[in-house]
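*Asks:* Here is my input; please provide its structure:
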Amino acid sequence: MITADRFTHRAFVAGMLFKGVDGCLELIGAAALLLTTRPEIRDVVAWLTRAELVEDPTDFFATHAVRMAQHLTSGTEHFAAAYLLVHGGIKMALAACLLRELRWVFPVAMIILTTFIGYQVDLWVHAPAWPLGVLTFVDIVVVVLVAKEWRMHRPHRMALPPPHP
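*Replies:* Predicted coordinates:
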């Protein structure tokens with residue numbers, strides 16, 4: 001039978017693996033943005049969405065992807081690449097350090113991840129999108145798991161004996 005602590009630890013490891021893979025994908029996305037031109041991006045998005053738009057011209061994801069690619073500017077492309085590079089690198093580093101159970105990383109990770117959540121909530125307030133809401137919820141769960149894991153690894157303080165009268 002699995003105990004609550006063991007379940008929490010497994011969920012923590014799964015969350016860290018997810019964050020590490022997500023960070024790696026963000027680094028790949030940043031490299032793709034830096035190494036391609038805007039017309040190439042528009043062509044790839046058009047190719048990826050063509051079949052879906054033929055089947056359903058009002059498909060939510062396909063129409064939004066095409067619209068985003070068409071409105072991509074040089075400044076937006078560079079900001080997105082820089083954001084993905086920094087965000088992905090930080091997530092990969094945090095996940096690796098947390099999986100190695102480096103004690104000092106736990107509070108640092110909670111601060112950084114909470115800052116990311118704040119930024120995502122700000123984005124969501126200005127431009128609500130359910131995928132961002134789902135990712136923000138996952139990030140909140142990850143912060144809770146990091147806090148629980150940190151608490152489980154903290155050395156238990158021994159109670160001091162009562163003072164003698």
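*Asks:* contacts and neighbour counts: CA atoms only from here.
*Replies:* OK.
*Asks:* by contact count, what packs against the lowest-mean-pLDDT helix or strand in the chain?
*Replies:* Least confident element among the helices and strands of the chain, by mean pLDDT, DSSP states H and E: helix 60-70 (a mean of 85). For helix 60-70, the elements it packs on are helix 38-55, judged by 3 or more C-alpha pairs under 8 Å, 6 or more residues apart in numbering; DSSP states H and E.
*Asks:* Helix 60-70 and the helix it packs on, what's the angle between them?
*Replies:* On the basis of axes from the mean of the first three to the mean of the last three C-alpha atoms, to 10 degrees, helix 38-55 is oriented at 160 degrees to helix 60-70.
*Asks:* what sits up against helix 38-55?
*Replies:* Residues from elsewhere that reach helix 38-55 (C-alpha atoms under 8 Å, 6 or more residues apart in numbering): 59, 62-63, 65-66, 69-70, 72-74.
*Asks:* can you pick the most crowded of the residues you listed?
*Replies:* When neighbours are counted by other C-alpha atoms under 10 Å, Val66 leads the contacts of helix 38-55 with 22 neighbours.
*Asks:* gap between that one and Leu72?
*Replies:* Taking C-alpha to C-alpha, to the nearest Å as the measure, Val66 falls 10 Å from Leu72.
*Asks:* try Ala93
*Replies:* Relative to Leu72, Ala93 is positioned 29 Å away (C-alpha to C-alpha).
*Asks:* go on, Leu85?
*Replies:* Leu85 is 18 Å from Leu72, by C-alpha to C-alpha.
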